[in-house]
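*Asks:* have a look at this prediction, sequence included:
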Amino acid sequence: MNPIDDIIKELKKLSVPNRKADFLRFGINIDNALFIQMPVLRDIAKSVGKNHKLVEDLWNTGIHEARIIACLIDEPDKVTEKQMEKWVKDFNSWDICDQCCNNLFRKTRFAHQKAVEWSSREEEFVKRAGFVMMAVLAVHDKKSEDNVFLKFLEIAKKESTDERNFVKKAVNWAIRQIGKRNELLNQKATAICHQIEKKDSKPSKWIAKDALRELNSEEVKKRLHI
């Protein structure tokens with residue numbers, strides 16, 4: 001039996017069908033899902049180890065959890081732009097989108113490029129991926145200068161009228177994470193929120209109001225020494 005068959009056999013053994021309601025409640029796509037919790041998937045990925053050779057076959061099974069394991073075991077330095085474009089077009093659930101962006105895509109040499117490119121695309125989960133990338137880069141990319149994130153804020157302002165739930169939440173997330181990076185970016189993110197708030201758009205007003213609540217919180221001010 002090959003490694004892919006072993007992984008799929010293990011996943012099916014660990015399937016928890018009675019968690020279907022939990023997936024639905026959290027807005028997770030249940031197509032081809034086995035309803036396995038993330039800690040269990042992380043344990044499986046850890047036991048498999050990093051292995052770029054396995055990921056494409058895992059991804060191509062179409063199984064929800066197999067795709068999450070694929071992004072957990074892949075090797076960022078071996079990921080190609082072609083692979084990223086293929087996978088992002090397959091995103092059909094916010095959790096797969098977020099897991100791929102946070103655990104794999106942000107670590108590749110294409111991370112900043114794709115954050116910008118995907119944020120202007122029309123497909124719901126591709127656009128979400130662009131803003132999730134901005135959010136996780138704001139947290140984990142310690143080397144980039146502020147001007148990179150200032151550009152992200154301008155893109156967020158432009159795309160803030162998108163009414164789709166998974167998009168507007170990602171735009172909001174990106175603004176909040178950028179605004180928690182340092183004092184300057186907090187000021188810029190706050191100013192962007194006030195500009196967004198003035199748009200004749202319900203999504204924009206929600207994004208701005210929710211982001212401002214955190215950006216202006218005592219907890220954030222204390223952490224940034226504002």
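*Replies:* Here it is on my side, so go on. Numbers count the residues shown, from 1 in each chain.
*Asks:* which residue is nearest the centroid of this protein?
*Replies:* Residue closest to the average C-alpha location in the chain (Cα atoms, centre = their mean): D98, at 2.9 Å.
*Asks:* can you list contacts of the host helix or strand of that residue?
*Replies:* Element membership of D98, judged by DSSP states H and E, is helix 94-103. With contacts defined as Cβ atoms under 8 Å, 6 or more residues apart in numbering, helix 94-103 is touched by 26-29, 38, 64, 67-68, 71-72, 87-88, 91, 125, 128-129, 132-133, 136, 166. In this view, the C-beta of every residue, glycine as well, is placed from N, C-alpha and C.
*Asks:* please enumerate the strands of this protein.
*Replies:* Under the criterion DSSP state E, strands are not mapped anywhere in the chain.
*Asks:* domains of it?
*Replies:* The record's domain parsing of the chain by automatic domain parsing lists 1-89, 110-226.
*Asks:* can you lay out the ones you listed as JSON lines showing mean neighbour count?
*Replies:* JSON lines is the format used below for the domains of the chain (neighbours: other Cβ atoms under 10 Å):
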{"stretch": "domain 1-89", "mean neighbour count": "16"}
{"stretch": "domain 110-226", "mean neighbour count": "19"}
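*Asks:* and of the ones you listed, who's closest to L104?
*Replies:* With Cβ to Cβ, the closest approach to L104 among the domains of the chain belongs to domain 1-89: 4.4 Å.
*Asks:* so where's this structure shaky on pLDDT?
*Replies:* Regions of the chain meeting the criterion pLDDT under 70 cover residues 1.
*Asks:* what's the longest helix seen in the chain packed up against?
*Replies:* Longest among the helix segments of the chain by residue count, using DSSP state H, is helix 124-140. Applying 3 or more Cβ pairs under 8 Å, 6 or more residues apart in numbering; DSSP states H and E, one finds that helix 124-140 contacts helix 81-90, helix 94-103, helix 111-119, helix 146-158, helix 165-179.
*Asks:* can I get the fourth one in PDB? Just the C-alpha atoms.
*Replies:* Okay, so that is helix 146-158. The C-alpha coordinates for helix 146-158 follow below in PDB (Å, rounded to 0.1, in the frame of the first residue of the first chain):
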ATOM      1  CA  ASP A 146       5.600  49.400   6.800                       C
ATOM      2  CA  ASN A 147       5.100  50.500   3.200                       C
ATOM      3  CA  VAL A 148       4.200  46.900   2.200                       C
ATOM      4  CA  PHE A 149       1.300  46.900   4.700                       C
ATOM      5  CA  LEU A 150       0.200  50.500   3.800                       C
ATOM      6  CA  LYS A 151      -0.300  49.100   0.300                       C
ATOM      7  CA  PHE A 152      -2.400  46.300   1.700                       C
ATOM      8  CA  LEU A 153      -4.600  48.800   3.600                       C
ATOM      9  CA  GLU A 154      -5.300  50.700   0.400                       C
ATOM     10  CA  ILE A 155      -6.300  47.500  -1.300                       C
ATOM     11  CA  ALA A 156      -8.600  46.700   1.700                       C
ATOM     12  CA  LYS A 157     -10.300  50.000   1.400                       C
ATOM     13  CA  LYS A 158     -10.900  49.400  -2.300                       C
END
